[in-house]
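Visitor: Dropping the sequence and predicted coords here.
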Amino acid sequence: MTQPAIITCDRVTKSFPSEYGFVKWLRHRGRLPRRVALEDVSLQIRARSLFGLLGPNGAGKTTMLKLLATLSLPDRGGIVVDGVDASGSPDAVKARIGLCTSEERSFYYRLTGRENLEFFGALAGLRGTQRAARIAHVAELVDLTGSLDRRFAGYSSGMRVRLALARALLADPDILLLDEPTRGVDPIHADAVRRLMREELVQRRGKTVVLTTNLLEEAWAVCDEVAILSEGRLVAQGSPPDLNRRIGGRVRYAITFDRPSEQLVQQVRRLEGVLQAHALGPSAETMTVELMAGGRTLTHVLAMVTQNGTTVLGVRPLDDGLLDLFRAPRPEAPQ
Amino acid sequence: MSATTQALARSARWSGDLAKVAAIFMRDARLAISYPMSFWLGWISIAGQVLAFYFMSKLVGPSKAFGFGGHETSYFDYVVVNLAFVEFQTVAIQSFQRAIRSDQMLGTLEAVLATPTGLPLIVLSSGLWAFALTVVQVAVYLGVASLLGLNLTHTNLSTALAFLLLTVACMSPVGVLSAASIMTFKQLGPTNWVANGLAMLLGGVLFPVSKLPVALQYVSWILPITHALNGIRGAVHGATLAQLAPDAMWMAACAVLLLPVSLVAFARAVRRAKKDGTLGHY
């Protein structure tokens, strides 16, 4: 059953001053020039879903997350979170969300992980034994139980991100805003974080997760729906299969095998449904193929590769077709 | 909603807010103690300062100008009490701006403001540890001075406490205004040294206000610190709050006027930072 929207953004525009400082403020007679970070963005995020905000660096993903967290105010447009107007009642919105920032510098370096969580837990309204129990639980979820009593200054980048995730989960909010929660995290823990978001938070606990990422594969692997931002504009929104169809019914894979052969690549290129095939690497140990989506072409390609004894070491989907969506025209700043 | 339910909700909110205040106090205490050298040097400097004024006061004889109500008092008694009390002005002005600046520099400001905690609670609680520490340090300061001859036997404690609270209430808004300026301009302003300079020159910290030219005496009268010091010196000599009513009323008026203004200014500064996207800047 389709869930109702729990977050609605209606034609949100946000700009920032492109220059700062009192002298510049005087020079511009109190009206500093502004740079558009988000322009006319409308989104509806369904409850109990994992929603991805995808886009290259500077696309406006973090700006959107900060607007949802009421840490920033829109120039125009409205944001409603769980029925609450974000501009009118920011404290009510904050009580419903957990924010995981991508900033490493968001904890007290001289305090331990536990002391940091005790402090932020108290500000989130947790007290006494309930707070201690929640800290133990979230630390276990992000695999930091053994490191909680170390000073934050001694944490690695990945541990800092995981502690930020633990902080977001602390008050058990219904909505989680996660800003690149796998950035700087090793592959094992990144995979654990993705499973935590998908299986534990959304599927088992019924939370709504808004995830920002610039990793196409990550968004495609875990999100129910994805919005692609490019230079402040919403350029596409839909489920990953929907977006695949929108990019022209093409899919791309990288196939790695143990016996490099340029001849094999040429044979694959002649198969029906294969649009392109290229050898990659110093000895052609990887081949990229672009195929018509929806058929059995990948199966035929793999069968051809393996029929002469070649072993396939890996098949990785590439979503490069989406890169075109990233390259949207830059919105012009208002004069 | 029934009156009982409303009262319960209000009580729960109060107790929740108190828990948040305690958490902010505990955070600041832990951070201060995590720098042991700086923490303990503060205590050692207290003894050094008292000793310096003890020897300096040997150059100046007792005078009625140092006393209260025509009593002759030593310069040591005069200056030590003034310097102890001016610490409360310093901490009231510094603690809020330092707390905000520190959160800006550490990058924790956004994380703190992302919690469902009211802005006034965050700002006002951030000075609590510094105030508590100053109370203890001033007590030690006066204790050391007592060993060197400071006479506190006639002190009216309730009057002293009233002036302590009035000083904090009167000076804290100046600190909150400074914090608002830090939120906007991202650097420490000159508030502290201006306030301290005015106190030293015009507030009667190092010498009696009566020694100033008449025109400057009028300027001095406007400053809350002048009334705070007059009040505490009176309390040390056993004066009641009624005897010091003009000083107390002036300070209360300043507090009532400045506190809401400062909180509104801070809220506007935060709103401006949210508009400009500079909340996390430093």
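Guide: Everything's here; your move.

Visitor: OK, now which residue of the stretch 51-200 of chain B is nearest to chain A?
Guide: The stretch 51-200 of chain B approaches chain A most closely through residue B:107 (2.9 Å), counting by C-beta to the nearest C-beta. Every C-beta, even on glycine, is put in place using the N, C-alpha and C of the backbone.

Visitor: Just want the phi and psi numbers for that residue.
Guide: For residue B:107, the backbone dihedrals (degrees, to the nearest 10) come out as phi 90, psi 10.

Visitor: Not counting its own residues, what contacts the helix or strand bottoming out on mean pLDDT in chain B?
Guide: Taking mean pLDDT, DSSP states H and E as the measure, chain B has helix B:191-202 as its least confident helix or strand, at a mean of 82. With C-beta atoms under 8 Å, 6 or more residues apart in numbering or on different chains as the contact definition, helix B:191-202 has outside contacts at B:86, B:89-90, B:93-94, B:97, B:171, B:174-175, B:177-178, B:181, B:205-206, B:209, B:212, B:216, B:219-220, B:223, B:225-226.

Visitor: Pull out the buried residues from the residues you listed.
Guide: When neighbours are counted using 16 or more other C-beta atoms under 10 Å in any protein chain shown, the contacts of helix B:191-202 contain these buried positions: B:86, B:89-90, B:93-94, B:97, B:171, B:174-175, B:177-178, B:181, B:205, B:209, B:212, B:220, B:223, B:225-226.

Visitor: Near chain A, list only the ones from those residues.
Guide: If you filter the buried ones among the contacts of helix B:191-202 for contact with chain A, counting by C-beta under 8 Å from any C-beta of the partner chain, you are left with nothing.

Visitor: Show the pLDDT at residue 63.
Guide: Since no chain was named, I'll use chain A. Among the per-residue scores, residue A:63 holds a pLDDT of 94.

Visitor: not quite, I wanted chain B
Guide: Per-residue pLDDT puts residue B:63 at 86.

Visitor: Against residue A:297, how distant is the residue nearest to it when sequence neighbours are not counted?
Guide: What sits nearest to residue B:63 in space, not counting adjacent residues and going by C-beta to C-beta, 6 or more residues apart in numbering or on different chains, is residue B:72, at 6.5 Å. Noted for residue B:72: a distance of 105 Å to residue A:297, by C-beta to C-beta, to the nearest Å.

Visitor: For residue 163, list the residues it contacts.
Guide: You didn't pick a chain, so chain A it is. Under the criterion of C-beta under 8 Å, 6+ apart, the neighbours of residue A:163 are A:107, A:113, A:116, A:117, A:142, A:144, A:152, A:155.

Visitor: Correction: the question concerned chain B.
Guide: Under the criterion of C-beta under 8 Å, 6+ apart, the contact list for residue B:163 reads B:85, B:228, B:231, B:232, B:235, B:244, B:247, B:248, B:251.

Visitor: give me that answer again for 6 Å
Guide: Residue B:163 sits next to B:228, B:231, B:232 when contact means C-beta atoms under 6 Å, 6 or more residues apart in numbering or on different chains.

Visitor: How about the residues of the stretch 101-250 of chain A by chain B?
Guide: For the stretch 101-250 of chain A, the contact set with chain B under C-beta under 6 Å from any C-beta of the partner chain comprises A:103, A:105, A:106, A:110, A:111, A:119, A:122, A:123, A:124, A:125, A:127.

Visitor: Tell me how many other residues crowd the first one.
Guide: Right, the one you point to is residue A:103. 17 (other C-beta atoms under 10 Å in any protein chain shown).

Visitor: tell me the secondary structure for it?
Guide: coil (DSSP: H, G, I helix; E, B strand; the rest coil).

Visitor: got the phi/psi numbers for it?
Guide: phi -70, psi 130.

Visitor: which residues sit in contact with it?
Guide: With contacts taken as C-beta under 6 Å, 6+ apart, residue A:103 has the following neighbours: residue B:107.

Visitor: ok, now how distant is it from residue A:169?
Guide: Taking C-beta to C-beta as the measure, residue A:103 and residue A:169 are separated by 17 Å.

Visitor: residues from chain B in reach of chain A?
Guide: That would be B:16, B:19-20, B:23, B:27, B:30-31, B:34, B:107-108, B:110-111, B:114-117, B:274-277, B:279, which are the residues of chain B within reach of chain A (C-beta under 6 Å from any C-beta).

Visitor: Cross those against helices and list the overlap.
Guide: Among these, the members falling in helices are B:16, B:19, B:20, B:23, B:27, B:30, B:31, B:110, B:111, B:274, B:275, B:276 (criterion: DSSP state H).

Visitor: Export the residues you listed as a markdown table, with columns for pLDDT.
Guide: Compiled in a markdown table, these are given as follows (pLDDT from 0 to 100):
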| residue | pLDDT |
| --- | --- |
| B:16 | 84 |
| B:19 | 94 |
| B:20 | 95 |
| B:23 | 96 |
| B:27 | 96 |
| B:30 | 95 |
| B:31 | 94 |
| B:110 | 91 |
| B:111 | 94 |
| B:274 | 88 |
| B:275 | 87 |
| B:276 | 86 |
